[in-house]
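Visitor: Prediction below, plus the sequence it came from.
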Amino acid sequence: MQLQKRVEEANIVLPQNFFHNVQKYKEHLFKWNKIHNLTGAKDEATLDDFIFDALFPVSFLPPLTSLLDIGTGAGFPGMILAFALPDTQITLVEPLTKRASFLQFIKADLELDNVRVVKKRVEEMQSDIFELITSRAVTETKLLLELSKNLRDEDSILLFYKGERVFDEVEETQGMQYKIIERLNRHYLILGQKGSKIEDLKEIK
């Protein structure tokens, strides 16, 4: 199924230039991937799956002013969320030079004023507070909570893109409230303190 049709069926509201930006992003990624091997997505169908997977939380997230993505890689989910959320300031943390360079190129080419690329390991970041912290396929929940402890407060939400083993990790949530939203093989683990914006998440129909 085409990416645009999947988005429409999921009732995801996006800015007008989203699909233009995604098309340019895909073209650049395929070119860079031939030389630098940035991602395992080697064909358009697989890449569209990755993009929709990254994008799906837009259907349930509350409005946000700031987002930190840990280990963005080739752009999942942080760069895709940046296309979808132009009013959210998005910080992409990626320690590998070739991936950080690609992210910086996309930021410049698409003139993304809401994106900042940080070529560091997340534990090297200066303390700052983000409303939402995301991560996909980086490490286990317990370590992600440790790595992000100086980058969040009691109002922050954490959104981790997980597989089926997520249920083995919910005991590592340090007493935080959590929700798991399942879609096919993806499990979106959402964490927050009582009273945080986790309570403002939209219901998935």
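Guide: Great, that's in hand.

Visitor: Which secondary structure state is assigned to residue 155?
Guide: Assigned state for residue 155: coil (three-state reduction, DSSP: H, G, I helix; E, B strand; the rest coil).

Visitor: Touching the lowest-mean-pLDDT helix or strand in the chain from outside, list them.
Guide: When the helices and strands of the chain are scored by mean pLDDT, DSSP states H and E, helix 166-169 comes last with a mean of 86. By CB atoms under 8 Å, 6 or more residues apart in numbering, the surrounding residues in contact with helix 166-169 are 140, 141, 142, 160, 162, 180, 187, 189. Where you see a C-beta, it was placed from the backbone N, CA and C, and this is true even at glycine.

Visitor: how much space between the nearest residue to the second one once chain neighbours are set aside and residue 58?
Guide: Using CB to CB, 6 or more residues apart in numbering and skipping residues adjacent in sequence, the residue nearest residue 141 is residue 169, 4.2 Å away. Distance of residue 169 to residue 58, given as CB to CB, to the nearest Å: 24 Å.

Visitor: Look at these two and report which has more neighbours.
Guide: Taking residue 169 and residue 58 together and counting by other CB atoms under 10 Å, residue 58 has the greater number of neighbours (21 against 17).

Visitor: what about that one, distance to residue 51?
Guide: In this structure, residue 58 and residue 51 are separated by 12 Å, where distance is defined by CB to CB.

Visitor: Check this protein for its longest helix and report it.
Guide: Longest helix of the chain, by residue count under DSSP state H: helix 18-36.

Visitor: Report the mean confidence score over the next helix-or-strand element following it.
Guide: Reading on from helix 18-36 to the C-terminus, the next helix or strand found by DSSP states H and E is helix 44-55. Across helix 44-55, the average pLDDT comes to 95.
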